[in-house]
Structures are given as structure tokens and as C-alpha cells.
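Enquirer: A predicted structure for the sequence below; I have some questions about it.
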Amino acid sequence: MGSFIFKRSFQSILSLIFLVIVVFFLARMTGSPAMLYLPPEATQDQIDAYNALHGFDDPLIVQFGSFITGVFQGDFGNSLQYSRPALDMVLAAFPTTLALAAVTMPLVLLISIVTGALAAYHPGGVFDRLASLISLIGASMPNFWVAIVGVLVFAVTLNVLPTSGTGTWQHWVLPVAVLVLRPAGVLVQVMRTSMMTALSSVYVKAAKAKGVKARAIIFVHALRNSLLPVITVASDQAAGIVNGAVIVETVFGFPGIGKLMIDSVLMRDFAVIQAAILVTALAVFLINIIVDISYAFVDPRIRHS
Amino acid sequence: MPSSIPASVTAELPAAQGRRKSAILRSLLRDRYATVSVIFLLIVLGCAIVGPTLLAEQARALNLKGRNAAPFSLDAGWMFILGGDALGRSLLARIVVASQNTILISATAVLFSVLVGGILGLIAGYRGGWVGDVLLRLADAIMTLPSMLLAMIVLFVFEPGVTNVILVLAVSRIPIFMRTVRAEVLELKQRMFVVAARATGASTSRILLRHIAPMVLPTIINLAALEMAFVMLVESGLSFLGIGIQPPEVTWGLMVADGRNYLGSAWWLAFWPGLAIMLTAMSLNLLTNWLRVVTDPVERWRLETEAR
Amino acid sequence: MLLSVRNLSIQFPSRAGLVRAVEDVSWDVNAGETLAILGESGSGKSVSASAVMNLIETPPAVIPQGQILFEGHDLLQADAETRRRINGKSISMIFQDPLAALNPVYPVGWQIAETMRVHGIAPDVAQARVIELLARVGISEPERRMKDYPHQFSGGQRQRIMIASAIALKPKLLIADEPTSALDVTVQARVLDLLKEIQAEDGMGMVLITHDLTVVERVADRVVVMQAGRIVESGTSAEVMRNPQHDYTRRLLDAIPGRAGFSDIAAGRPMLEVQSVSKIYGGLARQFARLRTQPVRAVDDVSFTMAKGETLGVVGESGSGKSTLARMILGLDDPTSGVIRFDGRAMQGQSEAEAYKMRRRVQFVFQDPTASLNPRMTVQQIIAEPWAIHPDVLPKSQWRTRVAELLEQVGLKPDHADRHPHQFSGGQRQRIAIARALALKPELIVCDEAVSALDVSVQAQVIDLLKDLRRDYGLSYVFVAHDLALVRDFATSVLVMYGGRIVEQGPVRDVYDNPQHDYTKALLRASGVIPQQAA
């Protein structure tokens, strides 16, 4: 198991290095990165001064060296807009997004595992067809659209929930609901299929022949086996939550990393973007490692490989 | 035990192509969801192809009567059945015109990632070795990166526009095709019929084209339909955030973004384009469910037997 | 009477209408007695036993008539809870594939204890009994191994674990559904012996579902023979084996291999020479992230010579290296060391063009005909493919007529050419594979377990076809198989492989009548080719 986790962490680190390289070279592809770091109205003198200060006229390899050193020291440069270290801004926004994901992901898993398992128990039944239809709609709805329709219905028309901001728990209802939709819709389908496979397996038949009660067959024998594909897809969806967070935070005015990123894009604040992307990618990689560990926890075959 | 059911496998069957086609059509008609999806998708496709030529005028025309016209009212003419915007343009016409960009962008992006991802997947799966390893690592790196982030950084550095949006969406979805194709090829090349072809002396290109590609194709088609729905959702998200398609070009996502400012007064401006996105994505999902059944050769044979 | 199945019919609805899986079936079994239900695939042999265990879902299945009387009570009338209490406690069952029947994510000790827990035995008592049971079925170090997971055991051990779980509560009846079909012959024999021992100790009744006549002969007191969902013959096994009444039973018995005379050795010039060939897998750190693995000697210093016209049987159990050897002869794998010569020419180190030419002289038939035929191609395309690869053999205009000829040659009809493989039965598919192998008029055909996946009666037909081709075209075969009886009938000389090495080789007559090596003797004994008590 140790070697499995080691291997996966190693892959993640490679991916992260790849990403750092991409970010670096993308910034240099448009010519001088000063164009990215400086406001559009900067004069040529300002640009030259900035270039000299940050060594953008050095050879590429030297620049890359100092960029990497900076990244490892947590130095992504200063925000253009606020003149604060970019990393500080990102780290300040990070907990909000983390909290959103921390509420969303368990909810997604709970909803999809329970719904998917129940749907698989009577395939083709009323509950199964209803669950399939709803999960399909959930997976097909554009989340920004759900968000604004949600605002329209619950905040503007019914006036039961706030339109945006943070503070009370009511502020979290709509954002979390919107974030849950797509991953839950996808995972219900995955869970249903894998539960059906598990229920038709020989070990379930053997359990029946042993006299195991129906409930124990579903929740002890079939459930744990059917979790494996769900975990795999769930880790992909975890990355997808970041996609959702960008939109949800924008629509609901949540001061998270997604809103920070989109604001920085619109303000052309490159240092912040760069820091935000690397921090988010690191978080996604950490989630993937946690997923891998839980995978090994559920399946002994992986533990022993 | 179903495995013990005597299988009457030797049923007489004249294999006529025409019969198979009609059997597939019949199975499509039997699946009500799939039928409705296909009809809806054909309509959307029709709109995307001829819509702009037919309705460009109406989409641009300012009709005083139609200013902020509420939907489901024929006062301003049937073009305003879905309502009108603040300038008095027909929402229906605008949705039809916007369908072209929406469909074009997602279809092109998916086509691009199918081609590139498919070829890379074939190489990584069949040849393996260090090239395969590097390709797989690259794919993993892109996969773990939320597509929105990738899009953001690329569209920040380059100008957002139709071509760049297509490119960035395609690149972000290449890995998924590559990984799927690679996994299938890895499994397929161990299959005995591939080993048999190798033992007969078949060339690599023959094995890839005659034995492996036809087996991978159904999976790719299914995945492409699913991905098309996903890419459409991401594209509209990007356009909604203002970093995707830029006005005066128009897509459904952009229309939702525009409509957001009039949420209190004219809800329909944001509602209908969003519904169009949802219905298209849903139809693609439903189509995939049906395709998965029909492209399975054994399943298809069952359909043919039944069609006799 | 312990269990009595009376006039049972079971039907499964399918898209093509109701499938009558079993029709008016009656059988019974007493305490201490073993009843075998014998049948080929699709005969419905395990359906009635599944009904005893309440494993048939109704709906969709329909049971229009019949009774299942267990100690006088009709199980079909009992409610689900009553039947659940009987399952595992009074009647238990073991399955064909123990790897599939054990839950992969729980330790084996937990799974055995579960049988006891669900029937009201305290967990700590159950735990202690698990150790006892594992020791009883012959798993060494039971305290340690009970914490292991199914994938950490060998196939034979897994079936022993299934048996431990099944006998935990000393059931009155044990149903064994093909308990040894997935196991190697020597392991098969030991598992069957274990079952007989336990039965003698506890006096339980046993229902053994099997396709294998030698298993029936070895363990069953009585037998019922099933064909297409009906019982065609029943009686004591000795009586049925000696004096079969029904036509089908007679045909089944005739199809048992290993009872015909030996094939004589055709003398010819050497065709295939294998010189100290070894194949070692793993052991090299091929990738930076992949850890170094222990090298496996799949084939270890193997040498033999095969003459033209000869049929060389290669026998061995799983892991003996016989399939690796076949792959190397086909040029699909290169030996790590040693050399293979075909018609005097070394196969290794030859140019692409030479290898390509060689391919048409050596053809193959693989084990699973379903897997070895491309499901998306028609039979015509499959058989003609070798000509597409070697275009100078036959002009395209003649493909159609030649495919028709080949199909007739292997006992199929010319108009089968436009169908797809899944429209044929297993035996027919293997005939298609043989037709493909013949397309290039090869000199040598390598058959890797070519009939193992087929029913006994179909096996015999395919072997007859291979024999006819040998006679008519002077073909040579390398015939890789785990079934010694089959090799005895078909081969002219034989190699016995164990752990990658050849332990014995020689003309079939010598090896079978006068085995020298202990392993050969054990194999022959286990497979029933020579009587139990002899050797």
C-alpha cells in the first residue's frame, strides 16, 4: 500500500511541476510578462523599469530559475490591484472555498450513494425511474443558470433566502444546492450501475445461500464493493467542484478563491491568478491522494498490490 | 440461474444490412426518451445550420411592440412567443441564432479532442513504452486541473474569442479521450483475436485499423456525446463569466449572462437560453444511454433477432 | 428422504418468449448419499438446485409447478424468512468459481464466521470455530490466515475456504455446483476427497452438479442425466456408467476421452527444434516509478524435437509454462535464452520479412473461440483475413469460393459465411477458428487448450475433425492441454511440464502406460486416466 500511495503522490508532484512550467511559459509566450503584470495604460518607461527590476530581460533559463525559487518560497509577486503579496490574498480566500467544498462533497456522496443503492434495488421501478430522471436533469443543468433561477425564485420572488453574501447559514443554502447538483447527478448514475453489478455477483448469491439477511446483503456485501467506481468518479467530480465554485462564488458574491480568480482575470491581475491556480491545483492533488488512500482502504486488493 | 438458460444461438438469420438499419430504427422508436432526444437534437442542429441565415434579421430587428414583451403572448407576433428583450428583439430568434455558435463551439472542440485524444490514446495504448508513459502523465496533469482554471489562464494570456475558446476546451478534454482510448486499446491488444491477427503476420496498421479501431469506436461515440454536453456547459459558464465568447458574438451562455441584469423585471431573458442548454445537454445524455445499448454487438443481435 | 424435488418446472421470460429452463424435473437425495446432476452447458442442471436455495428470483422467473420437499416440508410454500433460516444452516451451497463467490473486500475468517453469526452463534464462539474449520479443510496456519483476503489464496485454497464456510453449521445437505471445474486436476482430486471425507464424518447428503463424467464416477452414488431442461436418465452411477439406457447418455459416455487406442508415431524429418529455451518475466526495473519485481521463470531450460507429421501433446497444470511455450513457438514472445528452430531455421533474430513468411507455415487455434474471433467481422472476413495479410496466397476473386470450401471442410455450411461469430455455438465457433487456421495451408498448427472451453460431446467432434485434417493433409500439431485424457487420444508424443520444466517426455504409449516421474503419476491418477489404486 505504501508503494501505491508513494507512486500516486509522485505522479501528482510531476503533474504539479508540469503545471508550474506551463504557467511560466504561457506568461512568456505573449512577449514580455510585464504586459501581464502591469496595468494596460503603463508607459514604455514603466515597462522597461519593471522588466529590469524583475529580470525579465535575463535569459529564459535564468528567469525560470528565479521563478521556481520564488514559487518554493511562496513568492508569486504582488497583486497589481491591492499591492499585497498574491499568495496572502489567495490564502485569505481559500478557507471559504474549502468550506463550500467540505459541505458539498459529503452531501454529494450521501445523496448519491443512498439514492443510487435504492434505485438499483428495484431496477425499472418507480423510484429507479424517478431517480434516473432527476439525476439526469441535475447533471444537465448549467449551474450558473440554476443559481440565478434559484435567486429569482427563492430570494426575489419568495424572499426566503438572501441573494448574496455570507454571514448566516441561509447564505449557504443556495450555493451548496447549486454545487451539489451536477456531481450528485453524475454519481447517482455511477452508484446505481455499480450497485446493480454488485447485486448480480456470485458473492451476493453465495451470501443468500449462507442465509444472510437481505438488508445485510445490500449494506454489508454489495455496498462496499460498489463504492469502488464511485470513489474514482468522485475524485474527478472533486476537481469539478472547483469549476462550480468559480461560478457559484461569482453569482452569490462569496469571497472565495473562485471569485478572487475571476476578479483577477477581469482586472488583469496576473500574479494573483498564478498563485490561485497553483494553490487550487495543489488542493486538488491533495484531494486525489486522499481519494487514493480511501480507495486502498475500501479494497484490500489495492492495499496488497 | 440465467447462465443455464439454453441458448438457441444457431437461429437462422439472413444478415441483411437494410434489416439491421430498420431494427435499429425500431429500437430507437421503442425507447421513448431516445426518440424525443433525437428529434430535439435534430431540431437544434437544424437551427444551428440554417437558423442564422433565416432569422438573423428578426434577431436584430428592434420591434417597439416587443420591448420587454412577456412570453406566451402573441400580441407582438409569434416571434415573441418566448418574449422580447429591452430593445424589443425577439428572444426566440435570438436563441435560434445563438444556437449556431453554441453548437459549433462544442462540436468543434469535441471533434478536435476526439481526433487528437484518439490518436494519442492509440499510440499510448498500443506502443506503450516511455512515449506512452509521458503521454499518460501529461494527461493526468491536465485532468486533475479543473477545466475552468485551464480555460481561465489561457484566455487570460490570449484573447478570448471563438477560436481560442474552442482550442482551450479541446485541450482540456483531450486527456479524457486519450485515457479512455488507451485503456481500451491496452485491453483490446491482449484479446485473442488481436493476438490471432498478430500470429498471422498482420501489420500494425492493419491491426489498428481493422481490429482495434472498430472496437473502440462505439465507446468514443458515446463519450463524445457525453462530452459534447459537458463542453457546452463549460463554454456557457465561461461566456457567462465574461471570459469566453465576447459580444457581438452570441451564445446561449452569454444570453443568460445578459439576462441576469434584468432578472427582476424580465426573467425570461435568462430563463429560456438556460433551458435550451439544459434540454440539449439532457438529450445528449439520453442519446448516450440508448447508444450504449445499440452499439453492443450482442445486444444489437438480440434486436435483430427480435425484429424478425 | 432428506430432500425431494418433485415435478419441478421453472421458466424464465426472455425477449424471445418463455425459456423453459427445467421441465418436470424430479430427483431426491438421502442423508449420507451423493447425488450427481450431470449435464452439459444449457442443460439446466443447476437451475433446480438454485431453486432449492431460493436463489431464483420470482419474478422474473416463474415456477408453474412442482414441490421441493425438505424433510417433508415444501420449501416453495415457505416464506422468505423460513427459507433464509434453512440456508447455510440446514442446506448449504458451494459454487464453481470460489474467487467470485467470496466477497473480495472482507477477510476470509470474517466470511466464514458470518455464516455462523447470521444463524445466532455468538461472534467470539464463531471466531474460535473458524480456526477449527480452516484447519479441518487443510489451510495451514489458520490463526494467521483467517485475517487474509480471498485474493491472497490459491484457487484450491479458496474452494476449501468456501467448503469451511458451508460446513460450519454441520448442514444436513450440501449442494456443490461444479465445485472443481475451475481447478487444476491434481487440486480437483484433493478437493473431491475432502468433500467425501467430510460427508463420511457428518453423514450429510450431497448434491453434486457437474458436467464431468469422471467426477460422477468417482464420488456419486446415484446420478440423474439432464438434457435441454429434462431428466433423460437416472440410476445408480455404476449402473448408468456401465449400462446407459438413453441415447444421450450413451453419446456422452462415448465422448469421454482417454479410452481409445493410441495414435502411432509418424516418422518424418525434424520440423520443430526447441533448444534450452527459457522465458523469464519481470526482474528488471523497467520503469522509474515501478518497483523491481521478483523474476518468474515461466519456462525453464526446455528442449525437445518434433518430427513432421507428429502430434506433440504438451500437458501441465496452470503455471506450468505450457502456454508461454506455445506463444514462443508462434513467435508472439521471444525466449529470454535458447533457440527455437522451425524447419532448420532459427525463429529468433530473423528479419521482418522472414518472420512474415514463417507465419503462414505455422498457424494456431486458441482456447476461447468467442475471444479469438473478432465479434465485428463476418465469418467470411475472419476466414479470409489471412489472405488479406498474405495477398500472394490467393487472388481476391477466389476468396468467396475458398471460404465456402473451408467451411464445408470443418463441417459448417457455406451460407454461414455472412454471419457474425456470436450467432454460433461454442463448438461451431471453434470450427470457424480451425477454418481460419487452414486458410494458409500451414504445416504446423499450435492448439492452445483448443477444446477446453467446449462440452465433452463437442470436444470429441472437434478432436475428430483435427484428426481427419491430420490424415488428409499430413498436418503436424502442437497440442497444449491440461486434460491428459484428451492428449492420450490425440497426440503421438507428449511433454509433461511442471513449474516451467519438462519433467517427462516420450511417445504417448510409453508415458501413459509406464510413467516414470512422480508428478506424471500423480497427474494421471488425479485425472482418472489410470485407476486410483494403481501406481
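Expert: That came in fine, so what should we check first?

Enquirer: quick one: secondary structure of residue C:305?
Expert: Per DSSP: H, G, I helix; E, B strand; the rest coil, the local secondary structure of residue C:305 is strand.

Enquirer: Repeat that for residue C:340.
Expert: Secondary structure for residue C:340, judged by three-state DSSP, is strand.

Enquirer: what does residue C:179 give?
Expert: Going by three-state DSSP: residue C:179 is coil.

Enquirer: Let me see the contact set for it.
Expert: Residues near residue C:179 by C-beta atoms under 8 Å, 6 or more residues apart in numbering or on different chains: C:94-96, C:159, C:163, C:191-192, C:195, C:208. In this view, the C-beta of every residue, glycine as well, is placed from N, C-alpha and C.

Enquirer: With residue A:224 instead?
Expert: Going by C-beta under 8 Å, 6+ apart, residue A:224 touches A:298, C:105-106.

Enquirer: now these in TSV, with neighbour count and distance to chain B?
Expert: TSV is the format used below for these (neighbours: other C-beta atoms under 10 Å in any protein chain shown; distance: C-beta to the nearest C-beta, whole Å):
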residue	neighbour count	distance to chain B
A:298	16	21
C:105	19	23
C:106	18	24
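
Enquirer: who does the helix ranked longest in chain A touch, helix- and strand-wise?
Expert: Identified as the longest helix of chain A according to DSSP state H is helix A:86-121. Applying 3 or more C-beta pairs under 8 Å, 6 or more residues apart in numbering or on different chains; DSSP states H and E, one finds that helix A:86-121 makes contact with helix A:126-140, helix A:170-199, helix A:223-252, helix A:257-267, helix A:270-298.

Enquirer: Pipe these into TSV and attach mean pLDDT and distance to residue C:248 per row.
Expert: Output for the helices and strands packed on helix A:86-121, formatted as TSV (pLDDT from 0 to 100; distance: least, C-beta to C-beta, whole Å):
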stretch	mean pLDDT	distance to residue C:248
helix A:126-140	89	43
helix A:170-199	88	36
helix A:223-252	83	40
helix A:257-267	84	72
helix A:270-298	81	48
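
Enquirer: Can you list the buried residues in the longest helix of chain A?
Expert: A:86-90, A:93-94, A:96-97, A:100-101, A:104-105, A:107-109, A:111-113, A:115-121 (16 or more other C-beta atoms under 10 Å in any protein chain shown).

Enquirer: And stretch B:85-97, by the same measure?
Expert: Residues B:85, B:88-97 are the ones in stretch B:85-97 that count as buried (16+ other C-beta under 10 Å).

Enquirer: Quick one: which of those residues has the lowest pLDDT value?
Expert: For the buried residues of stretch B:85-97, the weakest pLDDT value sits at residue B:88, with 69.

Enquirer: for the stretch 301-450 of chain C, what spans make up the strands?
Expert: Ranges of strands within the stretch 301-450 of chain C are C:311-315, C:337-342, C:345-346, C:362-365, C:444-448, based on DSSP state E, counting those that start in this stretch.

Enquirer: pull the longest helix from chain B.
Expert: In chain B, taking DSSP H as the definition, the longest helix is helix B:91-126.

Enquirer: Now do the buried residues in that helix.
Expert: For helix B:91-126, using 16+ other C-beta under 10 Å, the buried residues are B:91-103, B:105-110, B:112-114, B:116-118, B:120-126.

Enquirer: Likewise for stretch C:400-417?
Expert: C:402-404, C:406-407, C:409-412, C:416-417.

Enquirer: any residues touching that stretch, and which ones?
Expert: Applying C-beta under 8 Å, 6+ apart, the contact partners of stretch C:400-417 are C:378-380, C:383-384, C:387, C:394, C:424, C:428, C:431-432, C:434-435, C:438-439, C:461, C:465, C:469.

Enquirer: From the opening residue of it to its closing one, how far?
Expert: Distance across stretch C:400-417, first residue to last, is 9 Å (C-alpha to C-alpha, to the nearest Å).

Enquirer: out of the contacts of residue C:179, which are inside strands?
Expert: Mapping the contacts of residue C:179 onto strands (DSSP state E) picks out C:94, C:208.

Enquirer: Columns neighbour count and pLDDT on top of the contacts of residue C:179, output as JSON lines?
Expert: Converted to JSON lines, these look like this (neighbours: other C-beta atoms under 10 Å in any protein chain shown; pLDDT from 0 to 100):
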{"residue": "C:94", "neighbour count": "24", "pLDDT": "92"}
{"residue": "C:95", "neighbour count": "24", "pLDDT": "90"}
{"residue": "C:96", "neighbour count": "20", "pLDDT": "86"}
{"residue": "C:159", "neighbour count": "31", "pLDDT": "88"}
{"residue": "C:163", "neighbour count": "25", "pLDDT": "90"}
{"residue": "C:191", "neighbour count": "24", "pLDDT": "86"}
{"residue": "C:192", "neighbour count": "20", "pLDDT": "88"}
{"residue": "C:195", "neighbour count": "25", "pLDDT": "88"}
{"residue": "C:208", "neighbour count": "26", "pLDDT": "92"}
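
Enquirer: same for chain A: which of the contacts of residue C:179 are within range?
Expert: Contacts with chain A within those, as defined by C-beta under 8 Å from any C-beta of the partner chain: residue C:95.

Enquirer: Quick check: of the contacts of residue C:179, which lies closest to residue C:448?
Expert: Comparing the contacts of residue C:179 against residue C:448 with C-beta to C-beta places residue C:96 closest, at 22.4 Å.

Enquirer: List the residues that contact the closest residue to that closest one other than its chain neighbours.
Expert: Residue nearest to residue C:96 in three dimensions, not counting chain neighbours: residue C:178, with 3.9 Å by C-beta to C-beta, 6 or more residues apart in numbering or on different chains. Neighbouring residues of residue C:178 by C-beta under 8 Å, 6+ apart: C:46, C:95-96, C:209-211.

Enquirer: separation between the closest residue to residue C:324 other than its chain neighbours and residue C:321?
Expert: Nearest non-adjacent residue to residue C:324, counting by C-beta to C-beta, 6+ apart: residue C:298, 4.3 Å away. Residue C:298 sits 5 Å away from residue C:321, taking C-beta to C-beta, to the nearest Å as the criterion.

Enquirer: again, but for residue B:269
Expert: 73 Å.

Enquirer: give me every residue that touches the residue lying farthest from the centre of chain C.
Expert: Most distant from the centre of chain C: residue C:397, at 41.0 Å, with distances by C-alpha atoms, centre = their mean. With contact set as C-beta under 8 Å, 6+ apart, residue C:397 has no partners.
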